[in-house]
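*Asks:* Sequence plus the predicted model coming up.
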Amino acid sequence: MEPMTNAIELRDVCYRASKTFEIRDLNLRVPYGSIYGFLGPNGSGKTTTIRLFTGMHRALSGKMSVLGHDIPSASARAMARTGYVPERPHLYPQLTIGESLRYHASFYPTWDEDWAQELIGRMDLQEDQRIARLSKGQTGKLLIVLALAQRPELLVLDEPTDGLDPVVRRDVLTAVLDYVSIAGATVFISSHLVHELERICDWVGVLDDGELVAELPMQSFKNGIKRIRVNDPPAMVGDTPFVLLSRTSSEGLGSGEIWIVRGWQQPMTQYFEGVGASVREVIDLDLEEGFVELLRSSRPNNH
Amino acid sequence: MFRQILYTQWKSAKIGLGILAVAGFGLPLMAIQDLTQPVYISTQGEVTADVIFSSWQLWLPFFPALAGLAGVGLALNAWNWDHKTGHIYSLSLPVTRWEYALLKAAAGALLLMIPVGMLAIGSFTAVAALELPNGLHAYPAQFIGRFLLASLLVYMFWFALASSTMKTVGIILGVFLTLTIGGQITWDILDNFITLPGGADPADWFFARMVEWPGPFNVLFGNWMLIDV
């Protein structure tokens, strides 16, 4: 078996969370230095996947590695180099911000106190504020400060901006991007907010119902999913140079259909000429539309 | 790392610890309070052994209860917030689960020394305030040692239980209830059909194995006398 060379790598990972939900044969690769957006609807298994490769949950089978460390056997060593922001706040409510910083810092030998103070100031937080009395936005900012001040090589952010107002969301994402530009860290960010990831990510993985339905560079995802109006489409599709996600008859087009395809490039129009059809129009889908079509096509009875 | 864990537990337990400390200091003094009244003091200027024993018997149950309360309280305090957040913070920290649990256990055990220390001060003060009759001796060191052992035992038992998931706790309690209640019911049914050995009731047997020497909870039920022959 070849060695794992990505910042995060999952191979054939299976996990059963409950009788009704499981992760099945999950394969995932997050290249070093990438900003990897992990998309999926609510309940698709994003948080479960994160908890698997951070060693919080035990997989039933499969192999996982984070920064070259086997998970779960060396998860403590992997987490020493990883900044983690969970889906829900988890800090001790009785502590103040300053006490939380000191508590967190004591676990990380790479903790940068000067930078922590700078981030606290930039995020407009006060050290004597109690965690229990922080607003949602302040808590979100503090979690980012804690994750960044340990100078991690990998940032794992589980819906870090969920429920935050646009100003705080921008502050949080700016802090992450600033850090990445300086440190060249890898970022794994899960979200169901498609537009948020569109701006910052260079890789994207789409999870639905515990299965990874797509994993590709963001550019390919953005440019490669198209809605195509096809005249005189063939009854049987056969081998195509693109991935046909769905096809539906289109009213007002006679024998026309609308095809949603992935991996589209302009020369592929020749395929249609070869099967006696023609392309009437190629429409770019934005990321959200592409995401929705991808999910629709991955689910049973989608046509 | 340990200092920070200790501080976190101290901050959430300090009010409870304060109450336990006051109780630890006050209980031995209250137990001998009546004995310093003139009515109990003989013409030789000593309280009699009978008076001491009967007075102590009244207060005796409070000491193991205090040890248990301190142990249970600190054990639950150690894991309280981790349970509420599904242990996410602790599991995301770069320490192994065993290391983290040991650090937490040690921090709680150290905090337990506050009520134990206060009980020690209270016990030595109480003993110093009494003039004992001939044949009676004070055993403050043994008394404090018993309190320390009892509170540590209860603490470790509840700490282990509290550190587990609800599922594990459910399994443990399920097995325990099945063995005791289920065993008792089975025993009672069998008793109607066959002759079973007398005095071998399973629930009684189990309870006796736990609290009688060398059972693990014997320290809670043994001799809690500060003053004895």
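*Replies:* That came in fine, so what should we check first? Numbering: from 1, shown residues only, chains lettered A, B, ... in the order given.

*Asks:* Get me the contact residues on chain B for chain A.
*Replies:* Applying Cβ under 8 Å from any Cβ of the partner chain, one finds that chain B approaches chain A through B:1, B:3-5, B:7-8, B:11-12, B:81, B:85-89, B:91-96, B:99. For every residue, glycine as well, the C-beta is placed using N, CA and C.

*Asks:* Could you grab the helix/strand/coil label for residue 101?
*Replies:* Chain wasn't specified; assuming chain A. Assigned with DSSP: H, G, I helix; E, B strand; the rest coil, residue A:101 falls in the helix class.

*Asks:* was after chain B, sorry
*Replies:* Recorded secondary structure, residue B:101: helix (three-state DSSP).

*Asks:* give me every residue that touches it.
*Replies:* If a contact means Cβ atoms under 8 Å, 6 or more residues apart in numbering or on different chains, then residue B:101 has residue B:163 as its contacts.

*Asks:* Return the distance of it relative to residue B:6.
*Replies:* 15 Å (Cβ to Cβ, to the nearest Å).

*Asks:* Show the backbone phi and psi for residue B:6.
*Replies:* The phi/psi pair for residue B:6 (degrees, to the nearest 10) reads phi -60, psi -40.

*Asks:* Let me see the contact set for it.
*Replies:* B:107, B:110, B:111 are the contacts of residue B:6 under Cβ under 8 Å, 6+ apart.

*Asks:* Most neighbours among those residues, which one is it?
*Replies:* With neighbours defined as other Cβ atoms under 10 Å in any protein chain shown, the most crowded of those is residue B:111; it has 24 neighbours.

*Asks:* The helix or strand harbouring it: which residues count as buried?
*Replies:* Assigned by DSSP states H and E, residue B:111 belongs to helix B:97-129. For helix B:97-129, a neighbour-count test (16 or more other Cβ atoms under 10 Å in any protein chain shown) marks B:97, B:100-101, B:103-105, B:107-109, B:111-112, B:114-116, B:118-120, B:122-124, B:126-127 as buried.

*Asks:* Give me the neighbour count for the closest residue to chain B within chain A.
*Replies:* Using Cβ to the nearest Cβ, the closest approach of chain A to chain B is made by residue A:80 at 3.5 Å. By other Cβ under 10 Å, 20 other residues sit near residue A:80.

*Asks:* I'd say it and residue B:94 touch.
*Replies:* Yes: contact criterion Cβ atoms under 8 Å: residue A:80 and residue B:94 qualify, at 3.5 Å.

*Asks:* joint contacts of these two?
*Replies:* Counting by Cβ under 8 Å, 6+ apart, the contacts common to residue A:80 and residue B:94 are residue A:108.

*Asks:* got the residues of chain A near chain B?
*Replies:* Checking chain A against chain B by Cβ under 8 Å from any Cβ, the hits are A:54-56, A:76-77, A:79-80, A:84, A:86, A:88-95, A:99, A:102-103, A:106-108.

*Asks:* Just the buried ones out of these, please.
*Replies:* A:54-56, A:76-77, A:79-80, A:84, A:86, A:89-92, A:94-95, A:99, A:102-103, A:106-108.

*Asks:* Sort out for me which of those residues are in strands.
*Replies:* Counting by DSSP state E, the part of those found in strands is residue A:84.

*Asks:* which residues make contact with stretch A:110-129 from outside it?
*Replies:* By Cβ under 8 Å, 6+ apart, stretch A:110-129 touches A:80-81, A:96-98, A:101, A:104-105, A:138, A:141-142, A:144-145, A:148-152, A:171, A:175.

*Asks:* At which residues are the helices of the chain located?
*Replies:* In the absence of a named chain, this looks at chain A. A:46-53, A:75-79, A:97-105, A:113-122, A:136-148, A:166-183, A:194-200, A:218-224, A:269-274, A:287-298 (DSSP state H).

*Asks:* that's the wrong chain, I meant chain B
*Replies:* Using DSSP H, helices in chain B cover B:2-33, B:49-59, B:62-84, B:88-92, B:97-129, B:140-163, B:166-177, B:183-193, B:202-211, B:218-221.

*Asks:* Put together a markdown table for these, with mean pLDDT and distance to residue A:161 on each row.
*Replies:* Converted to a markdown table, these look like this (pLDDT from 0 to 100; distance: least, Cβ to Cβ, whole Å):
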| stretch | mean pLDDT | distance to residue A:161 |
| --- | --- | --- |
| helix B:2-33 | 93 | 28 |
| helix B:49-59 | 78 | 59 |
| helix B:62-84 | 92 | 23 |
| helix B:88-92 | 89 | 18 |
| helix B:97-129 | 94 | 29 |
| helix B:140-163 | 92 | 33 |
| helix B:166-177 | 82 | 31 |
| helix B:183-193 | 79 | 56 |
| helix B:202-211 | 76 | 53 |
| helix B:218-221 | 82 | 52 |
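
*Asks:* tell me the residue furthest from the middle of chain B?
*Replies:* Taking Cα atoms, centre = their mean, the residue of chain B most remote from its mean C-alpha position is residue B:193, at 41.6 Å.

*Asks:* contacting residues around that residue?
*Replies:* Contacts for residue B:193 (Cβ under 8 Å, 6+ apart) come out as none.

*Asks:* quick one on the thing from earlier: quick one: which of the contacts of residue B:6 is nearest chain A?
*Replies:* Minimum distance to chain A across the contacts of residue B:6 is 12.1 Å, recorded for residue B:107 (Cβ to the nearest Cβ).
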